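A.B. asks: Return atomic coordinates for the entry below.
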Amino acid sequence: MVPSPTSSRTLWPYAIIAVFVLFAGYIGYMVQQAMRTTVDLVSPDYYQQELAYQQRMETVARTAALPAPVELTYDAAAQVLQLQLPPALAGRAVQGQMHFFRPSNQKLDFSLPLQAGSQRFSTAKMQPGYWRARLDFTVGSQHYFIEKELTVK
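C.D. replies: Just a heads-up that it's a prediction; the model follows:
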């Protein structure tokens with residue numbers, strides 16, 4: 001007589017099956033959540049925004065193509081932002097504005113009118129921190145744009 005083998009059951013096959021079932025359930029749940037999420041990648045006025053972006057890129061390229069650069073320097077010790085337009089634009093009618101943007105607080109944003117040639121902007125009343133200075137100006141029928149990031153101290 002041959003002794004009968006004792007049946008010892010192992011849990012490994014059940015554990016592997018359970019892991020696959022749980023993984024499939026998780027993937028199904030994630031697919032369901034992804035299908036329910038609305039993604040608005042395109043705004044209603046997408047075409048107008050694209051045209052404005054293209055025009056902005058053209059003005060930035062036109063500004064970079066000037067014979068001399070538009071100089072925008074910040075002197076922290078004197079609390080002054082110095083703007084110097086290229087000499088090629090001297091004697092021509094310049095219209096525009098200098099916009100100061102504070103990304104952390106929209107209420108601190110302000111604009112100042114632009115004058116031809118050299119101009120100084122006091123930063124004494126500006127709160128310390130990160131600012132963006134955007135110069136948007138027109139000479140004749142040509143538009144120009146430059147942006148500088150600065151940290152007011």
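
A.B. asks: going forward, measure contacts between C-alpha atoms and count neighbours the same way
C.D. replies: Will do.

A.B. asks: Point out where the chain drops to low pLDDT.
C.D. replies: Applying pLDDT under 70 to the predicted model, the residue ranges of the chain that meet it are 1-7, 39-43.

A.B. asks: Please enumerate the strands of it.
C.D. replies: In the chain, the strands defined using DSSP state E lie at 71-75, 80-84, 94-101, 110-113, 118-122, 129-139, 142-152.

A.B. asks: Residue 81 reaches residue 100, doesn't it?
C.D. replies: No. Assessed by C-alpha atoms under 8 Å, residue 81 is found out of contact with residue 100, at 11.2 Å.

A.B. asks: thinking again about what came up before, I'd like the strands of the chain as CSV, with distance to residue 17 and mean neighbour count appended.
C.D. replies: Below are these laid out as CSV (distance: least, C-alpha to C-alpha, whole Å; neighbours: other C-alpha atoms under 10 Å):
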stretch, distance to residue 17, mean neighbour count
strand 71-75, 66, 16
strand 80-84, 68, 17
strand 94-101, 58, 18
strand 110-113, 64, 12
strand 118-122, 71, 13
strand 129-139, 56, 17
strand 142-152, 57, 16
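
A.B. asks: Select, out of those strands, the one closest to residue 61.
C.D. replies: strand 142-152 (8.6 Å; C-alpha to C-alpha).
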